[in-house]
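> heads up, no residue letters with this:
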């Protein structure tokens, strides 16, 4: 039974880890879309995708599909913003900010916002 629980946990972590983000490109414009809620498990994937963006590009970070974005990921984005200035990367946000606060607020009010 313990082996089944371990494999179950590994399966859940793996499926939640994959495809949390989509990065698409058109010329020098990039769209980084959150496909679902994202947690600290997705931190390294987000760092890798942001690190792959070339200098002098435009990136739109779209959080429309995510209800919750972990505060660790906000920290990654904040660090990226600082470095992006030096690489002349323009960042635009679409329904991205305050996703972690909205989730906490929803939990406190039992789902009513």
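Done, it's in. The shown structure was predicted, so the numbers you read here are calculated from the model rather than taken from an experiment.
> confidence score at the residue of the chain most remote from its centre?
Using Cα atoms, centre = their mean, the residue of the chain lying farthest from its centre is residue 1. It sits 34.0 Å away. Residue 1 carries a pLDDT score of 82 in this model.
> just the one 3 residues further on next, same as before
Turning to residue 4, the model gives it a pLDDT of 85.
> Neighbours of the closest residue in space to residue 70 that isn't next to it in sequence, how many?
Distances taken as Cβ to Cβ, 6 or more residues apart in numbering put residue 39 closest to residue 70, at 4.5 Å, once the chain neighbours are dropped. No exception for glycine: its C-beta is placed from N, CA and C like everyone else's. Counted with other Cβ atoms under 10 Å, the burial measure for residue 39 works out to 15 neighbours.
> so what's residue 39 up against?
The neighbourhood of residue 39, defined by Cβ atoms under 8 Å, 6 or more residues apart in numbering, consists of 16, 68, 70, 72, 73.
> any idea how far it is from residue 69?
Spatial separation of residue 39 from residue 69 under the definition Cβ to Cβ, to the nearest Å is 8 Å.
> swap in residue 28?
The span separating residue 28 from residue 69 equals 26 Å under the rule Cβ to Cβ.
> Neighbouring strands - and their directions - for the host helix or strand of residue 24?
Assigned by DSSP states H and E, residue 24 falls within strand 21-26. Within its sheet, strand 21-26 is paired with strand 29-34 (antiparallel), according to DSSP bridges.
> isn't residue 66 right up against residue 38?
Yes - with contact defined as Cβ atoms under 8 Å, residue 66 counts as touching residue 38 (6.0 Å).
> which stretches of this protein have low pLDDT?
Of all residues in the chain, those with pLDDT under 70 make up the ranges 13-18, 99-113.
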